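Q: Give the three-dimensional model of this entry:
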Amino acid sequence: MLFDGYLGSEPDAPLVRPFDADGWFDTGDLGVVDGVGRLRILGRGSDRILTGGENVDPAEVEAAVVEWPGAEAACVVGLDDDEWGERVAAVVVDAGRFEAAGGLAALEDHLRARLAGFKRPRSWRVVEGLPLLPSGKVDRRACRLLLVESDNASSAEALR
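A: Purely as a prediction, here's the structure:
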């Protein structure tokens with residue numbers, strides 16, 4: 001995925017190199033090294049949500065959501081918010097027992113015990129499956145659009 005030039009290109013031709021001064025390529029990934037030297041990837045810096053001056057890593061919220069028995073998978077994104085900058089929002093895949101597990105109220109109770117208030121989603125969309133990119137990764141942009149559509153529908157419903 002990374003290269004220094006094309007075969008047969010002029011050796012002195014200037015190249016655009018995505019490396020920093022020390023020769024490292026900045027992927028934008030975030031991670032931490034634990035006490036025994038293992039690297040744990042937290043997600044991409046560009047996915048981080050800034051809400052009311054607080055940073056929220058979507059992977060942390062997604063992990064808490066899928067601990068709940070009614071959720072099979074989740075995608076957490078930030079939505080524009082006039083007051084907070086961004087608000088945390090989540091698309092949740094119904095594991096076939098969402099309502100039997102207590103529905104949204106039970107999921108919110110579950111998260112209240114695990115996450116700080118600013119990390120808990122304020123907007124939700126329950127779906128049968130997450131939209132995927134051709135690579136098989138979750139399409140975060142499509143999830144954001146699903147949430148915006150839900151918000152717009154809720155706002156229109158409130159106006160009636």
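Q: Please work out the average pLDDT along stretch 66-83.
A: Averaged over stretch 66-83, pLDDT sits at 97.
Q: gap between that stretch and the chain center?
A: 8 Å (C-alpha atoms, centre = their mean, to the nearest Å).
Q: Tell me the buried residues in it?
A: Going by neighbour count (16 or more other C-beta atoms under 10 Å), the buried part of stretch 66-83 is 66, 68, 70-79. Yep, even glycine has a C-beta here, placed from its N, CA and C like the rest.
Q: shaky segments in the protein?
A: In the prediction, the chain carries residues with pLDDT under 70 at positions 1-18, 154-160.
Q: Try it again at 50.
A: Low-confidence segments of the chain, defined by pLDDT under 50: 158-160.
Q: Give me the longest helix you can find in it.
A: In the chain, taking DSSP state H as the definition, the longest helix is helix 140-159.
Q: List the residues that contact the closest residue to Gly43 other than its chain neighbours.
A: Once flanking residues are discounted, Gly43 sits nearest to Ala59: 4.2 Å by C-beta to C-beta, 6 or more residues apart in numbering. By C-beta atoms under 8 Å, 6 or more residues apart in numbering, Ala59 lies in contact with 41-43, 76.
Q: what secondary structure does Ala59 sit in?
A: helix (DSSP: H, G, I helix; E, B strand; the rest coil).
Q: Just say helix, strand or coil for Ala73.
A: Going by three-state DSSP: Ala73 is strand.
Q: Could you check how many residues crowd around the residue nearest to it when sequence neighbours are not counted?
A: Closest residue to Ala73 apart from its sequence neighbours, by C-beta to C-beta, 6+ apart: Val93 at 4.2 Å. Residues near Val93, counting by other C-beta atoms under 10 Å, number 19.
Q: ok, which stretches of the chain are helices?
A: With helices called from DSSP H, the chain shows them at 58-67, 103-112, 140-159.
Q: Out of these, indicate the one that is most buried.
A: helix 58-67 (a mean of 19; mean count of other C-beta atoms under 10 Å).
Q: Okay, angle between that helix and helix 140-159 too, please.
A: Relative orientation of helix 58-67 versus helix 140-159 (axes from the mean of the first three to the mean of the last three C-alpha atoms, to 10 degrees): 70 degrees.
Q: In the sheet, which residues pair with the residue nearest to Ala73? Tell me.
A: Note on Val93: beta-bridge partners by DSSP bridges are Ala73, Val127.
Q: and what of Leu79?
A: Residues in beta-bridge contact with Leu79 (DSSP bridges): Arg87.
Q: Good, wrapping up.
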